[in-house]
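Trainee: Pasted the sequence and its predicted model underneath.
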Amino acid sequence: DTGVSQDPRHKITKRGQNVTFRCDPISEHNRLYWYRQTLGQGPEFLTYFQNEAQLEKSRLLSDRFSAERPKGSFSTLEIQRTEQGDSAMYLCASSLVSTEQYFGPGTRLTVT
Amino acid sequence: AQSVTQLGSHVSVSEGALVLLRCNYSSSVPPYLFWYVQYPNQGLQLLLKYTSAATLVKGINGFEAEFKKSETSFHLTKPSAHMSDAAEYFCAVSGNSGAGSYQLTFGKGTKLSVIP
């Protein structure tokens, strides 16, 4: 039984570069969520997919951020023109309908 | 709109002592409530959940929480702390946001230290 996986686990990038993160949810889960967690804070919701459809986006998701889930399986989160304020842990979670969400280990992004 | 307040950003207990982590919530819809635990540089692990069944919920590792609607609280307890319980604990609330997402709204977390 594999849980949610995320790749890479750590990413260091220079300001202005683009980065892309991948999330593989639990296989039978049709819902996928992205959250961002900054130091000393709880995770904050970014966006949500049901199957391949992106149904909700937070105001935190500026136009530099884009997320996809092309075949309703894995998802990618891309950040263009990274800024130092983007440094955070990016967490992916998956679930079945309205049940509990299972989280991956996260991708820690450091923008220098 | 939903929100969660966790009282105490840092709680210290002695090994073997009672653990009590406080959580109060605000929700405009019937809430689902969760406690998650996070170890350093890891993702979140679900401890327990309340989804409108029994008000006293038992979770993993000996933790339990009681839903009190009149107090809008969902405090987490464990009778006897173990060294391995040292971690950060997050309370979260969800409900149908209208887009059907059931997104989680988290508190700021409480870091639990266990003193030998």
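Mentor: Here it is on my side, so go on.

Trainee: And for A:A93, nearest residue in space, chain neighbours not counted?
Mentor: In space, and not counting its chain neighbours, A:A93 is closest to A:Q101: 4.0 Å by CB to CB, 6 or more residues apart in numbering or on different chains. For glycine as for every other residue, the C-beta is placed from the backbone atoms N, C-alpha and C.

Trainee: The one you found contacts B:F90, correct?
Mentor: No - using CB atoms under 8 Å, A:Q101 and B:F90 do not qualify as a contacting pair, with a distance of 12.0 Å.

Trainee: Which residues of chain B lie near chain A?
Mentor: With CB under 8 Å from any CB of the partner chain as the criterion, chain B comes near chain A at residues B:4, B:32, B:34, B:36, B:41-46, B:49, B:90, B:92, B:94, B:96-97, B:99-109.

Trainee: Which ChimeraX command selects the buried ones in those?
Mentor: A single ChimeraX command is used to select the members of these judged buried by 16 or more other CB atoms under 10 Å in any protein chain shown:
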select /B:4,32,34,36,43,44,45,46,49,90,92,94,97,101,102,103,104,105,106,107,109
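
Trainee: So which of the residues of chain B next to chain A belong to strands?
Mentor: Among the residues of chain B next to chain A, the members found in strands (DSSP state E) are B:4, B:32, B:34, B:36, B:44-46, B:49, B:90, B:92, B:94, B:105-106.

Trainee: ok so, going back, can you report how many residues lie near the residue nearest to A:A93?
Mentor: Burial of A:Q101 is recorded as 27 neighbouring residues (other CB atoms under 10 Å in any protein chain shown).

Trainee: now the one 4 residues further on
Mentor: Neighbours of A:P105 under the rule other CB under 10 Å: 18.

Trainee: That one: which element?
Mentor: Using DSSP states H and E, A:P105 is not contained in any helix or strand.

Trainee: circling back: in CSV: the ones in strands among the residues of chain B next to chain A, plus pLDDT.
Mentor: CSV is the format used below for these (pLDDT from 0 to 100):
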residue, pLDDT
B:V4, 94
B:Y32, 89
B:F34, 94
B:Y36, 97
B:L44, 94
B:Q45, 95
B:L46, 94
B:K49, 92
B:F90, 97
B:A92, 95
B:S94, 87
B:T105, 92
B:F106, 95
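
Trainee: quick one: which of those is nearest B:S14?
Mentor: Looking at those and their distance to B:S14, the nearest is B:F90, at 23.1 Å (CB to CB).

Trainee: show me the residues around whatever residue of chain B ends up closest to chain A that make contact.
Mentor: As assessed by CB to the nearest CB, chain A sits closest to B:F106 within chain B, at 3.1 Å. Residues in contact with B:F106 (CB atoms under 8 Å, 6 or more residues apart in numbering or on different chains) are A:42-44, B:4, B:36, B:90-92.
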